[in-house]
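Novice: No letters, just coordinates:
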């Protein structure tokens with residue numbers, strides 16, 4: 001059994017991971033600043049947080065908070081992060097400060113711990129797990145008609161305003177079809193959030209090579225499930241759509257609802273997190289964690305509406321957000337080989353679990369606020385009326 005620290009441990013993925021670790025006999029400590037955007041303006045210890053979790057209020061950007069939380073710890077899960085793709089494009093400093101500087105600060109402290117362990121003055125860390133993201137890829141992997149695998153570039157705003165939302169071959173400009181994305185695809189983020197996750201990985205991989213830090217980077221795809229922040233309109237499309245339905249408002253389907261995502265239920269992500277604790281994985285390895293299949297945003301909205309059974313219109317629009325990708329879903333071969341990971345929750349099953357929890361929560365629809373902020377920062381576009 002191990003003493004485990006989870007940064008951001010009072011949040012969505014962190015709290016579910018804590019539940020499973022405690023169930024398996026581990027001791028869990030959570031370092032969390034209880035961000036009001038996630039936990040509400042009067043944030044306190046969440047009711048859902050397991051009573052055996054030792055909650056340490058603190059910030060990963062402050063070395064003393066980390067040092068205090070690290071006492072007696074054998075393994076670390078680093079989940080503390082800002083996660084809104086759209087919001088990251090106009091709050092760059094906050095995202096870089098929290099995600100990049102916070103990770104660098106954590107690595108400084110962990111590297112010092114490893115040096116002390118090498119000198120026989122501390123116990124070495126067994127494992128460090130970084131919560132990374134599919135956002136490091138930018139657009140997913142695609143295939144041309146002749147079978148060649150290509151990696152599309154950032155879609156041009158001018159093309160989308162003309163009604164062309166497809167990804168294109170960077171060499172021939174012909175439309176291409178999405179295929180599963182492997183970990184060796186070149187990383188080319190197209191949002192500030194994506195770049196911060198790539199930098200987190202880069203620093204962790206460097207620490208693995210130079211400091212012997214036993215870190216593994218798990219690239220989560222679109223995680224959903226109970227305990228998502230229902231009041232945060234900047235991340236979590238399932239929560240956003242649910243709030244719209246509960247408010248009796250139509251769901252606006254950007255890009256006609258055709259973008260494709262890999263929606264992975266939090267229970268499958270937790271299973272991967274627990275496997276990563278003891279699996280024989282080389283330090284610095286990056287591993288996809290997803291469902292391994294792509295669903296369109298329209299499919300997601302339609303399934304959720306069907307399960308909620310409150311009606312609600314699906315509004316087909318040609319709006320788009322700058323920094324969104326067209327399609328990306330996970331190749332899971334490495335996860336299966338390295339971790340023995342296998343997703344078990346279908347989209348419909350996962351949404352049922354989410355709804356069972358969400359119906360007992362207070363909801364508020366703030367999507368109009370998020371959309372207005374995007375528009376104000378020139379990050380929300382729409383195809384012209386005369387576009388084909």
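Specialist: Received the coordinates, thanks. What you are looking at is a predicted structure, and each value in this text was computed from that prediction instead of being measured.
Novice: all strands for the stretch 201-350 of the chain, in order.
Specialist: For the stretch 201-350 of the chain, the strands identified by DSSP state E, counting those that start in this stretch occupy 215-220, 222-224, 251-253, 260-261, 263-265, 285-289, 295-296, 314-316, 319-321, 327-328, in order along the chain.
Novice: Would you mind putting those into JSON lines with distance to residue 337 alongside?
Specialist: To be clear about C-beta, it is placed using only N, CA and C from the backbone, and glycine gets the same treatment. Formatted as JSON lines, the strands of the stretch 201-350 of the chain follow (distance: least, C-beta to C-beta, whole Å):
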{"stretch": "strand 215-220", "distance to residue 337": "13"}
{"stretch": "strand 222-224", "distance to residue 337": "22"}
{"stretch": "strand 251-253", "distance to residue 337": "37"}
{"stretch": "strand 260-261", "distance to residue 337": "24"}
{"stretch": "strand 263-265", "distance to residue 337": "18"}
{"stretch": "strand 285-289", "distance to residue 337": "9"}
{"stretch": "strand 295-296", "distance to residue 337": "25"}
{"stretch": "strand 314-316", "distance to residue 337": "39"}
{"stretch": "strand 319-321", "distance to residue 337": "35"}
{"stretch": "strand 327-328", "distance to residue 337": "21"}
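Novice: could I get the ones you listed as a markdown table with mean pLDDT and mean neighbour count?
Specialist: As requested, the strands of the stretch 201-350 of the chain are exported to a markdown table (pLDDT from 0 to 100; neighbours: other C-beta atoms under 10 Å):
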| stretch | mean pLDDT | mean neighbour count |
| --- | --- | --- |
| strand 215-220 | 98 | 25 |
| strand 222-224 | 98 | 23 |
| strand 251-253 | 96 | 22 |
| strand 260-261 | 97 | 22 |
| strand 263-265 | 98 | 26 |
| strand 285-289 | 98 | 23 |
| strand 295-296 | 98 | 17 |
| strand 314-316 | 95 | 15 |
| strand 319-321 | 95 | 20 |
| strand 327-328 | 97 | 24 |
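Novice: Tell me which of those strands sits nearest to residue 98.
Specialist: Of all these, strand 215-220 sits nearest to residue 98, with 17.1 Å by C-beta to C-beta.
Novice: what does that closest one rub up against?
Specialist: Strand 215-220 is contacted by residues 13, 127-134, 136, 183, 200-201, 204-205, 207-208, 264, 269, 272-273, 276, 279, 281, 283-290, 330 when judged by C-beta atoms under 8 Å, 6 or more residues apart in numbering.
Novice: If any of these are buried, put those into a PyMOL selection.
Specialist: Restricted to the buried members of the contacts of strand 215-220, where burial is judged by 16 or more other C-beta atoms under 10 Å, the PyMOL selection command reads as follows:
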select buried, resi 13+127+128+129+130+131+132+133+134+136+183+200+201+204+205+207+208+264+269+272+273+276+279+281+283+284+285+286+287+288+289+290+330
